[in-house]
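S.K.: using only what follows, build the 3D model:
(2 chains)
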Amino acid sequence: MTITTIFRRWKRLVPLAAFVGLAGCEMIEFSPNDHRVPEEFTNLTEKNLAKLAAKPLPAGDTLRFIFTGDSQQFYDEAEGLVNSVNQQPGISFLVVAGDISDFGLAREMRWVDEKLRRLKVPYVTVIGNHDLVGNGRPTYQHIFGAFDYSFVYGDTKFTMVDTNGREYNFDGSAPNMGWLRPQLNSLDGARRQVVICHVPPTNEDFDPALRDSYVQALREAPNLVFEMNGHNHSYTISQPYNDGVTYVNSDAFSERHYMVVTVWGDRQFRIKRVAF
Amino acid sequence: MKNILFSVLLLASLSAHAATPPDTTATKPADGTRPERPWYRPKHLALQTGGGLGMIAAGAGYEFGKDRLETDILLGYVPKYYAGSTLSLASLKFMYSPFRLPVGEKFQVIPITVGAYFSYTHGTINDEIKGQYSSDYYWFSTDTRYGPLLGSRVTFLAPPIAATGQPRKISVYYELGSNDLYLASYLNNRNGGLGFGQLLTLALGVKADF
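M.R.: Residues are numbered from 1 along each chain as shown, chains lettered A, B, ... in the order given. Down below sits the predicted model:
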C-alpha cells in the first residue's frame, strides 16, 4: 500500500474528525457559568434588530407584533409557540418579556434561541430576573446584548428597560431612571411609544425606592400606548394606578398563550390572546 | 430529581458489578518489600479540562476496592474572560471502573467509568446575599452543582520504580457528564423539547499514579 492510498483512505475521515473535534470543543464546558458559545449565538439583539430594519414598515401602517414572556425551561412549549406564531399573518416581530433562561446560564439562552430562530419574524428580548442569576449578567450581555435599549419600528418607539431591582439588591440602579427619562421624553421621530420590561412596578421585586418615579415618568411620557411586562406568568391588562397608563402582563410560555398586539394612531391598540 | 439520578447511578453500578470479570491486574510487587503507604497519601494526581469543573482543574485522588473505586478532589479555575468573573471551583468526583482490559504489556484500557461529581463554585457575580430573596425564591443553588459522569480511560504502565517496586501508571481519560440543572431542564420537557445530546459536557484529563 502506498502512502497516497493510505492518505486517500484516511482523507474521508477528515470531515468526520473535524466535526467530532468541533463538537468536542463546544462540549468542553469550563463551568455552566461560562458563556463561550459559537459566534452565531452572540449579539442576538443587534442581529435581530438588523433583520427587522431590513423589512421596514411603511409610515402610517398599522403595526402588529407578538407579545410573550418567561420562556424559562419551557422548551416543549417553545416549539408549539413557534409553530403557531408562524401561522400568524401580518406580524413584524415577537417580544419575549424577560426570563429567557431559568438559571442565567448560556446553554439555556442558546436553547431558547435555537427554538425562536425558527420564527419567520425576528424576535427581541428584555432581561428578566432569572437571566441575572449567578453570572447571568455577562452571559446575557454576550448572547443578547444591552440590558437597556430602544429602537424605532414604523411609527412606534420601543424602550426596553431592566427593572429587575431585586437582583441588584435594590441599589437604585434598576430601572436606570437617568437613562430612561430622556428615552421617554424623546420619540426619536416616532408617533407613539411602548415601554417593555420584565418586573412590573406593582411587583415586590421592583425597587421600591424607584417605583414612584418610574410610574410618574410613564404617566408623563408622550403618546405612551402601554407598558408591557412579564414575570407574573399571567395575562392581565389593567390600569393599576388609575392614571391612564395601561399595563399589559404577558403569559409565560408554560401558559400556552400569547398575544397578538396591534397598534395604530396616536395610541390606539387592540390585543388578541391566542392559545397554542 | 435526586432520586432518579441516584437510582440511575445505582443501577449502572450494579449492572456493571454483575459483569465484573476476575481480577486481572498483574502488577503486584513480587517480593512484598513495598513500603506501607500512609493512609492520607493520595494514589494519583489528576489534571483535566472541562466537565464544568474548570478550564483547568488539578488535584489528587484515592483508590479503593482493588482500585475500582476512586475519589478525586480537584481545584478548578475559569478565567474572567470566559465567565465574566474569575471562578474557582472545588470538586469531588466518585468513580467506579469495573473492567480493566490489558492491551499488550504496556497498556490497559478501562472501557467504562461511571461516577458522579459534586462541585462548589466561588466567585459568581450575583451570589445571593442575606435577605436578597425570600427562602424559596429560587429553588436551585447558583454555586453548588452535581451530576453524573461516564467515561473511558487508556493507561500506560511505566516500569515500576526500581527501589520500591511500586508500579507507575499514566492514564488519559475522557468523561461525558451533565449537571442537575441541565437534567432538570431535560426532565421537564418530556415531549422532546431538548435533545439528550444538548445536556452533555466533555472533560479530557490525565492521571498519574505516584
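
S.K.: what's the closest non-adjacent residue to B:P42?
M.R.: In space, and not counting its chain neighbours, B:P42 is closest to B:A60: 3.6 Å by C-beta to C-beta, 6 or more residues apart in numbering or on different chains. From N, CA and C alone the C-beta is placed, and that goes for glycine too.

S.K.: got the contact list for A:E255?
M.R.: A:233-235 (C-beta atoms under 8 Å, 6 or more residues apart in numbering or on different chains).

S.K.: for the chain, give me the ranges with low pLDDT.
M.R.: As the question left the chain open, I've gone with chain A. Scanning chain A for pLDDT under 70 picks out the ranges A:1-12, A:14-20, A:22-23.

S.K.: I was after chain B.
M.R.: Low-confidence segments of chain B (pLDDT under 70): B:1-35.

S.K.: between the contacts of A:E255, which is closest to chain B?
M.R.: A:H233 (14.7 Å; C-beta to the nearest C-beta).

S.K.: for residue 91, what are its contacts?
M.R.: Assuming you mean chain A. A:64-66, A:85, A:121, A:260.

S.K.: should've been chain B
M.R.: Going by C-beta under 8 Å, 6+ apart, B:S91 touches B:53-54, B:57, B:59, B:72-76, B:117-120.

S.K.: export those to CSV and tack on neighbour count?
M.R.: Converted to CSV, the contacts of B:S91 look like this (neighbours: other C-beta atoms under 10 Å in any protein chain shown):
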residue, neighbour count
B:L53, 33
B:G54, 29
B:A57, 27
B:G59, 21
B:D72, 26
B:I73, 15
B:L74, 25
B:L75, 15
B:G76, 25
B:Y117, 23
B:F118, 14
B:S119, 24
B:Y120, 13
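
S.K.: does A:V215 count as helix, strand or coil?
M.R.: Put simply, A:V215 is helix when judged by DSSP: H, G, I helix; E, B strand; the rest coil.

S.K.: scratch that, A:P138
M.R.: Classification of A:P138 using three-state DSSP returns helix.

S.K.: what do you get for A:V248?
M.R.: strand.

S.K.: tell me what it is bridged to.
M.R.: Note on A:V248: beta-bridge partners A:M228, A:I237, judged by DSSP bridges.

S.K.: surely it meets A:N229?
M.R.: Yes - counting by C-beta atoms under 8 Å, A:N229 is a contact partner of A:V248 at 7.4 Å.

S.K.: and chain A, which residues reach chain B?
M.R.: A:24, A:27-36, A:73-79, A:102-105, A:107-108, A:111, A:115, A:130, A:132-139, A:141-142, A:166-167, A:169 (C-beta under 8 Å from any C-beta of the partner chain).

S.K.: what about A:L44, how many residues nearby?
M.R.: 25 (other C-beta atoms under 10 Å in any protein chain shown).

S.K.: I meant A:G189, not that one.
M.R.: Neighbour number of A:G189 under other C-beta under 10 Å is 9.

S.K.: please report phi then psi for it.
M.R.: The phi and psi torsions at A:G189 (degrees, to the nearest 10) take the values phi 90, psi -10.

S.K.: I figured it was touching A:V152, is that so?
M.R.: Yes - using C-beta under 8 Å, A:G189 is in contact with A:V152, at 6.4 Å.

S.K.: mind giving me the PyMOL command for buried ones among the residues of chain A next to chain B?
M.R.: Buried subset of the residues of chain A next to chain B, written as a PyMOL selection, criterion 16 or more other C-beta atoms under 10 Å in any protein chain shown:
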select buried, chain A and resi 27+28+29+30+31+32+33+34+35+36+73+74+75+76+77+78+79+102+103+104+105+107+108+111+115+130+132+133+134+135+136+137+138+139+141+142+166+167
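
S.K.: the chain: helices as residue ranges?
M.R.: Chain wasn't specified; assuming chain A. Counting by DSSP state H, chain A has helices at residues A:3-11, A:13-27, A:44-53, A:75-85, A:106-116, A:136-143, A:177-185, A:208-220.

S.K.: the chain in question should be chain B.
M.R.: So, for chain B - with DSSP H - the helices run B:2-18, B:80-83, B:180-187.

S.K.: list the beta-bridge partners for the closest residue in space to A:R270 that isn't next to it in sequence.
M.R.: What sits nearest to A:R270 in space, not counting adjacent residues and going by C-beta to C-beta, 6+ apart, is A:T262, at 4.6 Å. For A:T262, the beta-bridge partners are A:R64, A:R270 (DSSP bridges).

S.K.: can you redo the contacts of A:I91 as CSV with neighbour count and distance to B:V109?
M.R.: Below are the contacts of A:I91 laid out as CSV (neighbours: other C-beta atoms under 10 Å in any protein chain shown; distance: C-beta to C-beta, whole Å):
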residue, neighbour count, distance to B:V109
A:R64, 20, 61
A:F65, 24, 58
A:I66, 23, 54
A:V85, 22, 51
A:V121, 18, 52
A:V260, 17, 59
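
S.K.: and these, which is closest to B:Y138?
M.R.: Of all these, B:Y138 sits closest to A:I66, with 28.1 Å by C-beta to C-beta.

S.K.: doesn't A:Y258 make contact with that closest one?
M.R.: Yes - contact criterion C-beta under 8 Å: A:I66 and A:Y258 qualify, at 5.5 Å.

S.K.: list residues touching both of these two?
M.R.: A:V85.

S.K.: residue furthest from the geometric center of chain B?
M.R.: B:G131 (35.0 Å; C-alpha atoms, centre = their mean).

S.K.: show me the contacts for that residue.
M.R.: Contacts of B:G131 by C-beta under 8 Å, 6+ apart: none found.

S.K.: for it, give me phi and psi.
M.R.: Dihedral angles for B:G131 - degrees, to the nearest 10 - are phi 80, psi 0.
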